[in-house]
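Asker: need coordinates for the below:
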Amino acid sequence: MRLVRQIAVAAACMTAIFVAAPAVAQNYPSKPVHIVVPFPPGGSNDIIARLLAQKLSESLGQQVLVENRGGAGGNIGAEAVATVVPDGYTLLLSAPGPLTSNAALYGNLRFNPVKDFAPVALIASVPIVLMVHSAVPAKTVQELIALARAKPGTINFGSSGNGSTNHLAGELFKSMTDTKIVHVPYRGAAPAMNDLLAGHIPMMFDNMPAVLPQLAGGNIRAIAVAGATRAKALPDLPTVAEAGVAGFDASAWFGLVAPAGTPAPVLDRLTKEIGLVLKSPDVIKRFTELGAEPGTLAGAEFGAFLRNETTKWTKVIETSGAKVN
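Answerer: A predicted model of the protein is given here:
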């Protein structure tokens, strides 16, 4: 009789799970959803997140709020999301660092990027631009390389933090050009850009959405695009590879993940709504203005993309010897 009762209880539990699953999807969200950006306000990550939050608020029928929790190359915000209740009400929209490269850079992460997150969707991909302050006597990539080789260890490049894509783009440039440029990490892309504009740092790689508004001011000069192809927003700007560094390819992207264990119906609802948002003409138009392209990967495909990116940037980190203590 005990075995029969145990089987009956187990069957009842399974029935409850299957009955509850559609209800979870139907009722979600019943309160505001929070998207954590693991970097300070003002950078590309923040710009993309706020656009997504605005559109999701309309489609989900609940407020979607953006919270900036910067620090430690994005690890503080990522850890906060990894440890919350996995109910779909706290999500992480991040640049690659916390999701792909920080595990190789930091020896003591308190979260596992592979095990602690469920992939939702690739939100946007954006070109990275190599810029210099207008006072720097280099107008091309080759002139910049020559300047760096003539003054080894004296030219700094800023980034939004250790492990950020613009940091790793600089490390890739350093290794592929045999130059001794020095990394200066900031607590986000916005303060790094401010120092570039002020001439406190001479060069920087940064994402297109944050770069375009600054170019008109005349304080900085874009000299190349870091990706494999030219950017639609700056079609006359050559790639780093075209400028003589064959094989150079670094681009940025922003992906949305949820804590591992988030119910599948909730993930499906998010994936569906995000897919519709990214196909809407006004979002496509705004992304184009920002120099970004809507993402096309979701769920398992986005998970495979994350694994491939992790492998790529781990190799760059190992080659460069970059580490964060």
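
Asker: domain map for the protein?
Answerer: The chain breaks down into these domains under automatic domain parsing: 2-126+252-320, 127-251.

Asker: tell me which of those domains is the most buried.
Answerer: domain 127-251 (a mean of 20; mean count of other C-beta atoms under 10 Å). Yep, even glycine has a C-beta here, placed from its N, CA and C like the rest.

Asker: so what's the gap between that domain and the chain middle?
Answerer: Distance of domain 127-251 from its chain centroid, counting by C-alpha atoms, centre = their mean, to the nearest Å, is 18 Å.

Asker: can you check stretch 268-281 too?
Answerer: On C-alpha atoms, centre = their mean, the centre of stretch 268-281 falls 19 Å from the chain's centre.

Asker: list of residues touching that stretch?
Answerer: Identification of contacts with stretch 268-281 by C-beta atoms under 8 Å, 6 or more residues apart in numbering yields 25, 28, 52, 55-56, 59-60, 88, 91, 120-121, 123, 256, 258, 283-284, 294-296, 298-299.

Asker: out of those, which are inside strands?
Answerer: 91, 120, 121, 123, 256, 258, 294 (DSSP state E).

Asker: of those residues, closest to residue 242?
Answerer: residue 294 (25.6 Å; C-beta to C-beta).

Asker: just give the nearest non-adjacent residue to the closest one, would you?
Answerer: Excluding the flanking residues, the one nearest residue 294 by C-beta to C-beta, 6 or more residues apart in numbering is residue 278, at 4.0 Å.

Asker: residue 188 too?
Answerer: Leaving aside its sequence neighbours, residue 188 sits nearest to residue 40 (C-beta to C-beta, 6+ apart; 3.5 Å).

Asker: and the one you found, what does it touch?
Answerer: 46, 68, 70, 187, 188, 190, 191.

Asker: kindly report the same for residue 52.
Answerer: Per C-beta under 8 Å, 6+ apart, neighbours of residue 52: 35, 64, 93, 123, 256, 274, 277.

Asker: may I have the beta-bridge partners of the first one?
Answerer: Listed by DSSP bridges, the beta-bridge partners for residue 35 are residue 66, residue 91.

Asker: distance of it from residue 110?
Answerer: 21 Å (C-beta to C-beta, to the nearest Å).

Asker: my read is that residue 219 contacts residue 136, right?
Answerer: No: the pair residue 219 / residue 136 is not scored as a contact, 11.1 Å apart, by C-beta atoms under 8 Å.

Asker: tell me the SS of the residue nearest to residue 188?
Answerer: Following DSSP: H, G, I helix; E, B strand; the rest coil, we place residue 40 in the coil state.
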